[in-house]
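Chemist: this one's structure only:
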């Protein structure tokens, strides 16, 4: 009875202290929180103070503790085990909210119960940590590179597919260094895959397993074991993402290693990088973000930290390669691949910014990405400027046989034709060198309203002008003035055709094309004058005696003899010259025929009868007009033929 009275006194004293605390504004909120969480356990405290059994003897706690202790070696987690964990978690939460003003005896018992609960909880969390790792590893969905490749290729531009096959398809795919050395490279360019606009949806972990992972994560976070949970998650998922990069062909390489790779192999690695960037950002990382949000939905901070720690290494590996390419040696063949890398990174940058926008460390990932993007842009413009300078300064000294199209023309025009596909990107990148472009073009005599042209159009106009000037210089390597003009006709026509058959026409305009057409006609006139003036001089009346009645047979014989010799010499030489374009070839033959055949027929009609009745007439009058017309059809085919000492083909 005395114990009961003593217990009631203690309860009354405790209640009085609670009332006093409630009158204190600073303590009121804390006390209300304690009371709201304590609910019916005040009765337990009353019972305990009055001498009844303490909470440590709560059958729920005893049963939960026993299940956890006995479940250490169990192969699977049962429903009872889950319930036991929940019981222990609830108990620790209740004890942590217990009255901090409790008597010493209450505190001692609470500490004992708390120790037992925390020990059981630690044992359970260790078990859950292992289970979390096991489920995460065992239910990871393998990456299917073939499906990803097909997805990336689905939006590949048909126009670029055509350009990829036709670039340098005339067996003159040459590096500018190859032009000088005479060595021809047979490489082909194919543009990197198009990005398209859709994300690549991936299941990184089997959906059913995600539910179990969330159940474990929720309990570990609630129990204060979020650090252990995050460590397991980040370790496993980092390894998975690293393996995905390996499957996509992205290796771990230092900047020095990348810069030592020979171009053909580097080109392949750059193509794989371009595809991998899209797959990683729009596929893997987007899906990884969703996975973090599903598993760690109870904590915004934890899901952001886990995503950042899991994915930033993957991004940094990609950026490291991009940086190595950006600061590497510049050469003309790299330009298109560098532009592909730039465009790819520019397209996915907003996606990265959306993925990493919630953490300061994530912001640094975006800053680093922007830095690599700028580096690739500077590299692209640097390569382009160096290419312009190389075209101006290319000084191969060996003339192309037969006056054909120079490899420099093929290389530059195919190069320029592909550059047009990057017009928007190049216009943006060329902003910094606009003034230099204006200065270069101010010397251009073609006054094409340069100020109204895009930056790319200006630079390409200047580039082609440099090519034309270089070709003018190269034409002087031919001793034969007529062959100089054939060479210029072939090359200028080739340039014009490349412009007409591509988007270059829209950039340079029809006026530019018309002027080049006028140039070609001018070269044709120079050719006719250089080649056939001497032939036609043999068919003039001067020196023959004036009239057919007193004509000098000696002079006529000399005239026909000289004509035959000149024609045969031209035939021998110019059948070996090459005019690849059939239309230009036909137009040249027609121009020659219109000048030579009527003059020959007229001369033959006026004076031929003076020799035909004499001895050895065939020695002088070797050809009819029809013969000459037929022989002219053999010119410019690239196969030298001989007419020397041939008799007339017809009578």
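Modeler: All right, it came through fine. Values in this document were obtained by computation on a predicted structure and should not be read as measured data. Numbers count the residues shown, from 1 in each chain.

Chemist: make it CA atoms for all contacts and neighbour counts henceforth
Modeler: Noted.

Chemist: now the strands for the stretch 151-300 of the chain?
Modeler: In the stretch 151-300 of the chain, no segments count as strands under DSSP state E, counting those that start in this stretch.

Chemist: so where do the helices sit in it?
Modeler: Taking DSSP state H, counting those that start in this stretch to define them, one finds helices in the stretch 151-300 of the chain at 158-166, 176-181, 207-222, 226-247, 255-260, 263-278, 286-295, 300-326.

Chemist: what would these look like in CSV with mean neighbour count, mean pLDDT and distance to residue 622?
Modeler: Listed next are those as CSV, based on neighbours: other C-alpha atoms under 10 Å; pLDDT from 0 to 100; distance: least, C-alpha to C-alpha, whole Å:
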stretch, mean neighbour count, mean pLDDT, distance to residue 622
helix 158-166, 14, 37, 48
helix 176-181, 17, 51, 45
helix 207-222, 18, 94, 93
helix 226-247, 18, 94, 76
helix 255-260, 14, 92, 68
helix 263-278, 19, 95, 59
helix 286-295, 20, 93, 84
helix 300-326, 20, 94, 69
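
Chemist: For residue 491, which of these is the nearest?
Modeler: Across the helices of the stretch 151-300 of the chain, residue 491 has its closest neighbour in helix 176-181 (15.3 Å, C-alpha to C-alpha).

Chemist: As a markdown table, the helices of the stretch 151-300 of the chain with distance to residue 467 would be great.
Modeler: Formatted as a markdown table, the entries for the helices of the stretch 151-300 of the chain read as follows, by distance: least, C-alpha to C-alpha, whole Å:
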| stretch | distance to residue 467 |
| --- | --- |
| helix 158-166 | 21 |
| helix 176-181 | 12 |
| helix 207-222 | 61 |
| helix 226-247 | 43 |
| helix 255-260 | 31 |
| helix 263-278 | 25 |
| helix 286-295 | 47 |
| helix 300-326 | 27 |
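
Chemist: Out of those, flag the one nearest residue 393.
Modeler: helix 176-181 (10.0 Å).

Chemist: re the thing from before, of the helices of the stretch 151-300 of the chain, which approaches residue 80 most closely?
Modeler: Across these, the minimum distance to residue 80, taken as C-alpha to C-alpha, is reached by helix 207-222, at 14.5 Å.

Chemist: What helices and strands are in contact with that closest one?
Modeler: For helix 207-222, the elements it packs on are helix 104-138, helix 226-247, helix 286-295, judged by 3 or more C-alpha pairs under 8 Å, 6 or more residues apart in numbering; DSSP states H and E.

Chemist: Would you reformat those as a markdown table and include distance to residue 524?
Modeler: Compiled in a markdown table, the helices and strands packed on helix 207-222 are given as follows (distance: least, C-alpha to C-alpha, whole Å):
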| stretch | distance to residue 524 |
| --- | --- |
| helix 104-138 | 76 |
| helix 226-247 | 59 |
| helix 286-295 | 63 |
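
Chemist: between those, which gets nearest to residue 594?
Modeler: Nearest to residue 594, of all the helices and strands packed on helix 207-222, is helix 226-247, at 68.1 Å by C-alpha to C-alpha.

Chemist: what helices or strands is that closest one leaning on?
Modeler: Against helix 226-247 (3+ C-alpha pairs under 8 Å, 6+ apart) you get helix 104-138, helix 207-222, helix 300-326.

Chemist: What mean pLDDT does the longest one get?
Modeler: It stands for helix 104-138. Confidence for helix 104-138, expressed as mean pLDDT, is 81.

Chemist: doesn't residue 91 make contact with residue 118?
Modeler: No - when contacts are counted by C-alpha atoms under 8 Å, residue 118 is not listed as touching residue 91 (9.7 Å).

Chemist: So for the most centrally placed residue in the chain, what's the pLDDT?
Modeler: The centre of the chain sits closest to residue 340, judged by C-alpha atoms, centre = their mean, with a distance of 2.3 Å. The predicted local distance difference test score for residue 340 is 97.

Chemist: Which of the helices and strands packed on helix 207-222 sits closest to residue 496?
Modeler: For the helices and strands packed on helix 207-222, proximity to residue 496 was assessed by C-alpha to C-alpha; helix 226-247 is nearest, at 45.1 Å.

Chemist: OK, contacts around the closest residue to residue 88 other than its chain neighbours?
Modeler: By the measure of C-alpha to C-alpha, 6 or more residues apart in numbering, the closest residue to residue 88 outside its immediate chain neighbours is residue 117, 6.1 Å from it. If a contact means C-alpha atoms under 8 Å, 6 or more residues apart in numbering, then residue 117 has 65, 88, 91, 92 as its contacts.

Chemist: Redo those residues as JSON lines? Include pLDDT.
Modeler: Below are those laid out as JSON lines (pLDDT from 0 to 100):
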{"residue": "65", "pLDDT": "86"}
{"residue": "88", "pLDDT": "89"}
{"residue": "91", "pLDDT": "84"}
{"residue": "92", "pLDDT": "82"}
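
Chemist: Of the residues you listed, just say which sits nearest to residue 626.
Modeler: Checking the contacts of residue 117 against residue 626 by C-alpha to C-alpha gives residue 88 as the nearest, at 113.0 Å.

Chemist: quick one: contacts of the one helix or strand the closest one maps to?
Modeler: Under the criterion of DSSP states H and E, residue 88 resides in helix 79-96. The set of residues that contact helix 79-96 without belonging to it, under C-alpha under 8 Å, 6+ apart, is 37-38, 60-61, 63-65, 67-68, 71, 110, 114, 117-118, 120-121, 124, 219, 222-223.

Chemist: Just the buried residues of those.
Modeler: When the contacts of helix 79-96 are checked for burial by 16 or more other C-alpha atoms under 10 Å, the buried set is 38, 61, 64-65, 67-68, 71, 110, 114, 117-118, 120-121, 124, 219, 223.
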